[in-house]
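Novice: next input, structure requested:
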Amino acid sequence: QVQLVESGGGLVQAGGSLRLSCAASGRTFSSYPMAWFRQVPGKERHFVAAISRGGLSTYYADSVKGRFTISRENAKNAVLLQMNSLKPEDTAIYYCAAGTGSPVTTATDVRYWGQGTQVTVSS
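Specialist: Sure, this is the predicted structure:
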């Protein structure tokens with residue numbers, strides 16, 4: 001089993017940057033493709049970015065392409081999401097996810113979820 005804990009969320013002005021971190025427990029972290037999703041309360045959870053087991057392949061939602069970068073450090077059991085040029089519409093709860101197959105781009109691909117971290121972008 002894998003436990004995921006996100007950190008790094010907060011309040012930032014439009015145009016600013018944040019870096020989210022996801023710390024994973026367990027010795028099998030490198031065997032999981034990973035992803036970030038986000039959700040606005042009352043709406044569906046949406047895919048943001050995904051990364052393959054070895055970190056060589058990455059995937060992004062069109063809405064964040066060119067602004068967000070996903071990476072992983074298997075030796076540290078960590079996944080990062082660097083978010084630049086943030087917009088008010090990026091405001092959401094961001095969830096780290098470990099998947100069953102790569103790439104992890106839908107909720108049905110997810111085996112484990114973190115508890116989420118709030119990102120708020122003010123205009």
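
Novice: just checking, residue 38 touches residue 61?
Specialist: No. With contact defined as Cβ atoms under 8 Å, residue 38 does not count as touching residue 61 (9.1 Å). C-beta here means a position set from N, CA and C on the backbone, and glycine is covered the same way.

Novice: in terms of packing, which of the two has more residues around it?
Specialist: A count of neighbours by other Cβ atoms under 10 Å puts residue 38 above the other of residue 38 and residue 61, at 23 against 16.

Novice: which ones are touching the more buried one?
Specialist: Counting by Cβ atoms under 8 Å, 6 or more residues apart in numbering, residue 38 touches 45, 46, 48, 90, 92, 93, 94, 95, 119.

Novice: can you give me the strands in this protein?
Specialist: Taking DSSP state E, the strands of the chain run over residues 4-7, 10-13, 18-24, 34-39, 45-51, 58-60, 68-73, 78-83, 92-99, 110-113, 117-122.

Novice: can I get the contacts of residue 38 in a markdown table including pLDDT and neighbour count?
Specialist: A markdown table is the format used below for the contacts of residue 38 (pLDDT from 0 to 100; neighbours: other Cβ atoms under 10 Å):
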| residue | pLDDT | neighbour count |
| --- | --- | --- |
| 45 | 97 | 18 |
| 46 | 97 | 14 |
| 48 | 98 | 25 |
| 90 | 98 | 21 |
| 92 | 98 | 22 |
| 93 | 98 | 18 |
| 94 | 98 | 23 |
| 95 | 98 | 23 |
| 119 | 98 | 21 |
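
Novice: and the residue nearest the centre of the chain, what does it touch?
Specialist: For the chain, residue 36 is the residue whose C-alpha lies nearest the centre (Cα atoms, centre = their mean; 2.3 Å). Residues counted as contacts of residue 36 (Cβ under 8 Å, 6+ apart) are 20, 22, 48, 49, 50, 70, 79, 81, 94, 95, 96, 97.

Novice: so the second one sits against residue 113, correct?
Specialist: No. Residue 22 is not in contact with residue 113 according to Cβ under 8 Å; the separation is 10.6 Å.

Novice: between those two, who's got more neighbours?
Specialist: Neighbours were counted for residue 22 and for residue 113 using other Cβ under 10 Å; residue 22 has more, 26 against 15.
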